[in-house]
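S.K.: turn this into a structure:
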Amino acid sequence: MILSSWSKMRKYLEQEMLAESLQGRIRFNCTSYVNMDGMHIFEIFVDGLLRMNAENI
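M.R.: Here you go, the predicted structure:
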């Protein structure tokens, strides 16, 4: 499957790849900072709380 945008990838991860009991509880976020040497931050939230944060992935 080719996903052309982050929003499509996020929807795929959150709605199709998670167990039904986790859907709506887990949210993925990816932020890209173009002016900061292309820095990326990937985050995973569970029940609205930040549980994982990875930089420059």
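S.K.: show me the shaky parts of this structure.
M.R.: Low-confidence segments of the chain, defined by pLDDT under 70: 1-3, 36, 56-57.
S.K.: how about the strands in it?
M.R.: Assigned strands in the chain, in chain order: 26-33, 39-46, 49-55 (criterion: DSSP state E).
S.K.: so which residue is dead centre in the protein?
M.R.: residue 28 (2.6 Å; C-alpha atoms, centre = their mean).
S.K.: who's that residue bridged to?
M.R.: Applying DSSP bridges to residue 28 gives these bridge partners: residue 44.
S.K.: please tell me how far it sits from residue 50.
M.R.: Using C-beta to C-beta, to the nearest Å, one gets 12 Å for the distance from residue 28 to residue 50. (Each C-beta comes from the backbone N, C-alpha and C, glycine too.)
S.K.: what is in contact with those two at once?
M.R.: Shared between the contact lists of residue 28 and residue 50 (criterion: C-beta atoms under 8 Å, 6 or more residues apart in numbering) are residues 43-44.
S.K.: related to what we said a few turns ago, let me have the strands of the chain in a markdown table, extended by distance to residue 13.
M.R.: As requested, the strands of the chain are exported to a markdown table (distance: least, C-beta to C-beta, whole Å):
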| stretch | distance to residue 13 |
| --- | --- |
| strand 26-33 | 5 |
| strand 39-46 | 10 |
| strand 49-55 | 13 |
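S.K.: can you say which of these is nearest to residue 9?
M.R.: Taking C-beta to C-beta as the criterion, strand 26-33 is the member of the strands of the chain that comes nearest to residue 9, at 8.2 Å.
S.K.: distance from that closest one to the middle of the chain?
M.R.: Averaging C-alpha positions (C-alpha atoms, centre = their mean, to the nearest Å) puts strand 26-33 4 Å from its chain's average.
S.K.: buried ones in it?
M.R.: Of the residues in strand 26-33, those with enough neighbours to count as buried (16 or more other C-beta atoms under 10 Å) are 26, 28.
S.K.: between strand 39-46 and it, find me the angle.
M.R.: Per axes from the mean of the first three to the mean of the last three C-alpha atoms, to 10 degrees, the angle that strand 26-33 makes with strand 39-46 is 170 degrees.
S.K.: can you tell me which helices and strands strand 26-33 packs against?
M.R.: Under the contact criterion of 3 or more C-beta pairs under 8 Å, 6 or more residues apart in numbering; DSSP states H and E, strand 26-33 touches helix 6-15, strand 39-46.
S.K.: good, we can wrap up now.
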